[in-house]
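Asker: I would like to see how this sequence folds:
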Amino acid sequence: MTPGIAGARNRPVHPPLGIAGSGPQVSFTRSGLTIHWGPRFQSLLELAEACDVPVKWSCRTGVCHTCECALIGGIVDYQPDPLEPPGRAKH
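Answerer: Alright, predicted model coming up:
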């Protein structure tokens, strides 16, 4: 299932509208966009959608793992903890 992709218009990626975040940097590598996290986003998926970064998703709760992607660098702080831990990165 890819409701985040199917039927979506192809718009160029961009920083989210409004005041820029002042949190840690988030890079969407394939899209070439690096921005600062803002507290108005509850998840990376919400941030990606606000920037028109094409993302696959299905459940929006972290259970189906459709939107799971590799962490290239840094750390992730989950609040609350996920129901299942993310898979290990493959090198």
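Asker: Same question for residue 26, what's its three-state structure.
Answerer: Of the three states, residue 26 takes strand according to DSSP: H, G, I helix; E, B strand; the rest coil.
Asker: Could you pull up the residues touching the spatially closest residue to it that is not a sequence neighbour?
Answerer: For residue 26, the nearest residue in space outside its immediate sequence neighbours is residue 37; the separation is 5.5 Å by C-beta to C-beta, 6 or more residues apart in numbering. Yep, even glycine has a C-beta here, placed from its N, CA and C like the rest. When the contact criterion is C-beta atoms under 8 Å, 6 or more residues apart in numbering, the partners of residue 37 are 21, 23, 24, 25, 26, 47.
Asker: pLDDT value on residue 37, please?
Answerer: Here, the pLDDT recorded for residue 37 equals 90.
Asker: again, but for residue 33
Answerer: We note a pLDDT of 95 for residue 33 in this prediction.
Asker: Skipping adjacent residues, who's closest to it in space?
Answerer: Skipping the residues right next to it in sequence, residue 33 comes nearest to residue 13 by C-beta to C-beta, 6+ apart, at 4.7 Å.
Asker: how far away is that neighbour from residue 24?
Answerer: 19 Å (C-beta to C-beta, to the nearest Å).
Asker: would you put the C-alpha positions of stretch 66-73 in CSV?
Answerer: What follows is stretch 66-73 as a C-alpha-only set of coordinates in CSV (Å, rounded to 0.1, in the frame of the first residue of the first chain):
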residue,chain,number,x,y,z
THR,A,66,6.0,0.7,5.3
CYS,A,67,7.7,4.1,6.0
GLU,A,68,10.7,2.7,7.8
CYS,A,69,14.0,3.8,6.3
ALA,A,70,17.6,3.6,7.2
LEU,A,71,19.3,6.1,9.5
ILE,A,72,22.5,7.2,7.9
GLY,A,73,23.8,9.2,10.8
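Asker: thinking again about what came up before, ok, of the contacts of residue 37, which come out buried?
Answerer: For the contacts of residue 37, a burial check counting by 16 or more other C-beta atoms under 10 Å picks out 21, 26, 47.
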